[in-house]
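1. Okay, here's the prediction I keep looking at, along with the sequence it came from:
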Amino acid sequence: MAEKKEKEIGKVIHWYGKINVAVVKLAGALKVGDAIKVRHGESEFKDAVSSMQLDHKPVEAGKKGQEIAIQLSQEAKDGSLVYKA
């Protein structure tokens, strides 16, 4: 089966290292439970969206244009691109 083109879902605009949380400016819809891939230059990792916040309140989904906070298992530098995995 041919690999489908990755869909960019957003970009990391801020990384909070102490709590492993990335603020992502969304370019498309994202919801809790989605599998994502985070890429910065040559490095990338896969993760699952376990929780998400908008304005410090838990939400189940985010939509295009929103800036949402998601917890990640590894560091995501500012400017990292986020894709649906």
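-> Ah, there it is. Numbering: from 1, shown residues only.

2. Low-confidence stretches in this protein?
-> Low-confidence segments of the chain, defined by pLDDT under 70, are located at 1-4.

3. In it, where's the longest strand?
-> strand 8-16 (DSSP state E).

4. what's near enough to touch the spatially closest residue to His40 that is not a sequence neighbour?
-> Spatial nearest neighbour of His40, excluding adjacent residues (Cβ to Cβ, 6 or more residues apart in numbering): Ser80 at 4.0 Å. C-beta: built from backbone N, CA, C; applies to glycine. Ser80 makes contact with Lys11, Val12, Ala22, Val38, Arg39, His40 under the criterion Cβ atoms under 8 Å, 6 or more residues apart in numbering.

5. about what we covered before: show me what the longest strand of the chain is packed against.
-> If you count contacts as 3 or more Cβ pairs under 8 Å, 6 or more residues apart in numbering; DSSP states H and E, strand 8-16 packs onto strand 21-26, strand 35-40, strand 81-84.

6. if we go to 10 Å?
-> strand 21-26, strand 35-40, strand 67-71, strand 81-84 (3 or more Cβ pairs under 10 Å, 6 or more residues apart in numbering; DSSP states H and E).

7. Quick check: buried residues in that strand?
-> Ile9, Gly10, Lys11, Val12, Trp15 (16 or more other Cβ atoms under 10 Å).
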